[in-house]
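Visitor: need coordinates for the below:
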Amino acid sequence: MMTQDIQHTVLTRLISQVNQNVIGQQHVTKSMVIALLTGGHILLEGLPGTAKTRAVKTLADCLNLDFSRIQFTPDLLPSDITGTQIYQHEEGKLEFQPGPIFSSIVLADEINRSPAKVQAALLEAMAEGTITIAGETKSLPQPFMVLATQNPIEQEGTYPLPEAQMDRFVMKVNVDYPSSEAEMDIIRLVRDEDRNEHKSATKMNATFEGNEWFSVETLNAAREAVKQIHVSDAIDRYLVDLVVATRCPEAYPQSDLADWIDVGVSPRASIALDRCSRAHAFLSGRDFVSPDDVRAVASFVLSHRLSLSFDAVSEGINPAHVVDELLRQVPLS
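Guide: This is a model prediction of the structure:
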């Protein structure tokens, strides 16, 4: 059994390796690892070319797990994701051909480009780790993680995710443009890759020295360690107060929360905030959750679950701004 220190060392090195290949998006890498530790799924929203796909592919390579990419389009069918029954003429029977969902790491690229029926095909898989084909339930591989991407400025030909689907993602992360310094590093990285096209990036990133390679056993041990992270009563109260504040914003009359929030977050938000806070504490090398852990993940966990009022949208208030105000208004008891 690996000790918690070794697990933390492996995870730290995993984050470092991904960051070497995805420049200027450290918050994305850390969020993906947090989601992985909690057994959750993550939504990445950003403009084209901000390394969303590269980040997911690099994570899968470093973890040495099966990876599938699904390019969502308006003509995609649910069976294109889940798989279908195919008649085998020689054997005279139907045989199930699994779809790309049967991978440990699944990239749902531009998920908002497909209609609701296709988006719903992911719902059971994300929530239950199973799919149902012709009345038969089939289990997905473990670990299983969906990383979906969407473009925030594309409106024509897109189908916004319904609230029920958004709530299935443990975190939503905005992927911004890199800084000027990071962009120079990106140019140099890609230039080096162009000069060494014969080298496999997977081979370069898929091996740690000795026994420190991040195996499935290591992941399972780390997940168990996250479950044991101590959470005090004060932190529990703080988590709940943040969530309840989204449902009863009028309790904070000194702020504009009541004018901004139309519908608050569900109990899934409380569960996700607890799990992500513990994972963040684990990655920070601590065996207890601090208020800073909660604040560090609050925007990623809560922002996509909030429904803003018309006034807030018309004023240009975004969910991240609302969460920032929540953190300012809600005290630690």
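Visitor: tabulate the CA atom coordinates of stretch 285-301 in CSV.
Guide: The C-alpha coordinates for stretch 285-301 follow below in CSV (Å, rounded to 0.1, in the frame of the first residue of the first chain):
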residue,chain,number,x,y,z
GLY,A,285,0.0,18.2,1.0
ARG,A,286,-2.4,18.5,4.0
ASP,A,287,-4.6,16.0,5.7
PHE,A,288,-7.3,18.6,6.6
VAL,A,289,-9.4,21.1,4.7
SER,A,290,-8.8,24.8,5.2
PRO,A,291,-11.0,27.7,4.2
ASP,A,292,-8.6,28.5,1.4
ASP,A,293,-9.2,25.1,-0.1
VAL,A,294,-12.9,25.9,-0.2
ARG,A,295,-12.3,29.3,-1.8
ALA,A,296,-9.9,27.9,-4.3
VAL,A,297,-12.5,25.5,-5.8
ALA,A,298,-15.7,27.5,-5.2
SER,A,299,-15.9,29.2,-8.5
PHE,A,300,-15.2,26.1,-10.5
VAL,A,301,-17.9,24.1,-8.5
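Visitor: how many neighbours does His8 have?
Guide: For His8, the neighbour count with other Cβ atoms under 10 Å is 18. Every residue, glycine included, has its C-beta placed from N, CA and C.
Visitor: once you drop chain neighbours, what's closest to it?
Guide: Excluding its sequence neighbours, the residue lying closest to His8 (Cβ to Cβ, 6 or more residues apart in numbering) is Gly285, at 5.6 Å.
Visitor: now stretch 182-193: average pLDDT?
Guide: Stretch 182-193 carries an average pLDDT of 85.
Visitor: and it, C-alpha only, in CSV?
Guide: The C-alpha trace of stretch 182-193 is given here as CSV (Å, rounded to 0.1, in the frame of the first residue of the first chain):
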residue,chain,number,x,y,z
ALA,A,182,3.5,31.7,-21.8
GLU,A,183,2.7,32.3,-25.5
MET,A,184,6.4,32.5,-26.2
ASP,A,185,7.0,29.3,-24.4
ILE,A,186,4.2,27.7,-26.5
ILE,A,187,5.9,28.8,-29.7
ARG,A,188,9.2,27.3,-28.5
LEU,A,189,7.5,24.1,-27.4
VAL,A,190,5.7,23.5,-30.7
ARG,A,191,8.9,24.5,-32.6
ASP,A,192,10.8,21.8,-30.7
GLU,A,193,8.0,19.3,-31.4
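Visitor: residues of that stretch that come out buried?
Guide: Ile186 (16 or more other Cβ atoms under 10 Å).
Visitor: confirm that the residue nearest to His8 sits in a helix.
Guide: No - counting by DSSP: H, G, I helix; E, B strand; the rest coil, one finds Gly285 to be coil, located in no helix.
Visitor: quick check: it touching Thr9?
Guide: No - Gly285 is not in contact with Thr9 according to Cβ atoms under 8 Å; the separation is 9.5 Å.
Visitor: so which residues of the stretch 101-250 of the chain form helices?
Guide: Ranges of helices in the stretch 101-250 of the chain, per DSSP state H, counting those that start in this stretch, are 116-128, 163-166, 180-195, 201-205, 216-227, 233-247.
Visitor: mean pLDDT lowest where, among these?
Guide: The bottom spot among the helices of the stretch 101-250 of the chain, by mean pLDDT, belongs to helix 201-205, with a mean of 45.
Visitor: so where is the stretch 201-333 of the chain shaky, pLDDT-wise?
Guide: Scanning the stretch 201-333 of the chain for pLDDT under 70 picks out the ranges 201-214.
Visitor: ok so, going back, ok, Gly285 and Thr9, which is more surrounded?
Guide: Each of Gly285 and Thr9 has its neighbours counted (other Cβ under 10 Å); Thr9 has more, 15 against 12.
Visitor: packing partners of the host helix or strand of the more buried one?
Guide: Per DSSP states H and E, Thr9 falls inside helix 4-21. Packing contacts for helix 4-21, counted by 3 or more Cβ pairs under 8 Å, 6 or more residues apart in numbering; DSSP states H and E, involve helix 26-38, helix 52-63, helix 201-205, helix 216-227, helix 267-283.
Visitor: let's have the ones you listed in JSON lines, adding distance to Ala312 and mean neighbour count.
Guide: Output for those, formatted as JSON lines (distance: least, Cβ to Cβ, whole Å; neighbours: other Cβ atoms under 10 Å):
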{"stretch": "helix 26-38", "distance to Ala312": "24", "mean neighbour count": "23"}
{"stretch": "helix 52-63", "distance to Ala312": "27", "mean neighbour count": "23"}
{"stretch": "helix 201-205", "distance to Ala312": "42", "mean neighbour count": "14"}
{"stretch": "helix 216-227", "distance to Ala312": "34", "mean neighbour count": "17"}
{"stretch": "helix 267-283", "distance to Ala312": "18", "mean neighbour count": "22"}
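Visitor: many thanks, we can stop here.
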